[in-house]
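Asks: Model the structure of this input:
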Amino acid sequence: MNDDSGQARSRRDGKGGKPPGRAPRSGPPPRKGSAAAAIAKSGSVQLPRWVHESLVRVTPKARVAGALAALQEAATAFVEGRHRRALQRAEAAKTLSPRDATVRELLGLSAYRLGRWDLALKELRTYRRLSGDTTHMPVEMDVLRALGRDDDIDEVWRLLQHHGASPATMKEGRVVYASHLLDRERAREAWEVVNPKRIVAEPFEEDLRLWYVAARAAATLDDRDAADRLRTAIARHDPSFPGLEELDAAIDR
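Replies: Okay, the predicted model is just below:
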């Protein structure tokens, strides 16, 4: 049973010496990006080996077993949609291993799914600082939307463009930033951000979300042809895509 109490707003649903008790370090922990993304891609809730290795490098030896167990429990609960439980276990893992990036990642994402915006922003920014990974910067932007921090949204968008990310992450960033611009009645700018230029034959989920926001922007700009073309393309690939009825109303107004 899902125990969520909150939902995200626009889900398309972010380093001297040897410390006592720690293994000696020869550099930053090896990482391969986002653990959450790796789990989702593999379809397994088993933590990748590199997550274990990274945690071991930044955790006192006496705490490693407990931290790994709590982190595994958090990951399992998160994948199963039990985000309150995931948050609780991630917090337990953080107590044992506060410098592990994956712990902070799962804590931030769980808080995001529960609508705990301040905690989500703090943890996702810590994750980005520890890991150098930009995967969750669109989520940071969405949290800032929820908090009404418009100037900070613009800054994170600039940072995402500067640092770059995977194609999927960049599309999600465009979705969130253009939605922010539409909130601010800046439809022309939103259209420039999400205009897909062409409709690909085999879209990914993030493409459909991009098309949806582009259709909203086109409808606001009274470009019914563009809006209807995008709406048709979305419905062709996912007739149950959330928000199609609202989009129809916007196009036909």
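Asks: Share the number of residues neighbouring residue 151, please.
Replies: Counted with other Cβ atoms under 10 Å, residues neighbouring residue 151 total 7. (Glycine included, C-beta is placed from N, CA and C.)
Asks: separation between it and residue 131?
Replies: Noted for residue 151: a distance of 25 Å to residue 131, by Cβ to Cβ, to the nearest Å.
Asks: Residue 179 too?
Replies: Residue 179 sits 26 Å away from residue 131, going by Cβ to Cβ.
Asks: again, but for residue 206
Replies: Applying Cβ to Cβ to residue 206 and residue 131 gives a distance of 21 Å.
Asks: mind showing which ranges of this protein have poor pLDDT?
Replies: Low-confidence segments of the chain (pLDDT under 70): 1-32, 42-44.
Asks: Now do the helices in it.
Replies: Along the chain, the segments classed as helices by DSSP state H run 35-42, 49-58, 64-79, 83-96, 101-113, 117-131, 137-147, 150-163, 167-183, 187-194, 205-220, 224-237, 244-252.
Asks: So which of these is the most surrounded?
Replies: Comparing the helices of the chain by mean neighbour count (mean count of other Cβ atoms under 10 Å), helix 101-113 comes out on top with a mean of 28.
Asks: Now do that one against helix 137-147, angle only.
Replies: 40 degrees (axes from the mean of the first three to the mean of the last three Cα atoms, to 10 degrees).
Asks: Quick one: list the elements packing against helix 101-113.
Replies: On a contact count with 3 or more Cβ pairs under 8 Å, 6 or more residues apart in numbering; DSSP states H and E, helix 101-113 meets helix 35-42, helix 49-58, helix 64-79, helix 83-96, helix 117-131, helix 137-147.
Asks: Which elements pack onto the third one?
Replies: The elements that helix 64-79 packs onto, with contact taken as 3+ Cβ pairs under 8 Å, 6+ apart, are helix 35-42, helix 49-58, helix 83-96, helix 101-113.
Asks: now the fourth one
Replies: On a contact count with 3+ Cβ pairs under 8 Å, 6+ apart, helix 83-96 meets helix 64-79, helix 101-113.
Asks: In a markdown table, list those along with distance to residue 161.
Replies: Shown next, in a markdown table, are those (distance: least, Cβ to Cβ, whole Å):
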| stretch | distance to residue 161 |
| --- | --- |
| helix 64-79 | 29 |
| helix 101-113 | 22 |
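Asks: for those helices, which one sits closest to residue 36?
Replies: Residue 36 sits nearest to helix 101-113 of all those, at 5.9 Å, using Cβ to Cβ.
Asks: Okay, angle between the closest one and helix 64-79 too, please.
Replies: 30 degrees.
Asks: Report the distance from helix 101-113 to the chain centre.
Replies: Relative to the centre of its chain, helix 101-113 is centred 10 Å away, using Cα atoms, centre = their mean, to the nearest Å.
Asks: Make 696 the starting number, not 1.
Replies: Fine by me, first position is 696 from now on; the one you just mentioned is helix 796-808.
Asks: now the angle from that helix to helix 744-753?
Replies: Using the same axes, to 10 degrees: helix 796-808 against helix 744-753 is 110 degrees.
Asks: Go ahead and name everything in contact with stretch 858-867.
Replies: 707, 829, 830, 832, 833, 855, 868, 899, 901, 902, 904, 905 (Cβ atoms under 8 Å, 6 or more residues apart in numbering).
Asks: which of these lies closest to residue 887?
Replies: residue 905 (13.0 Å).
Asks: Identify the residues contacting that closest one.
Replies: The contact partners of residue 905, by Cβ under 8 Å, 6+ apart, come to 866, 869, 870, 889, 891.
Asks: residues in contact with the last one?
Replies: Each residue near residue 891 by Cβ under 8 Å, 6+ apart is listed here: 902, 905, 906, 909, 925.
Asks: Next: residue 929.
Replies: Applying Cβ under 8 Å, 6+ apart, we find residue 929 in contact with 903, 906, 907, 910, 936, 939.
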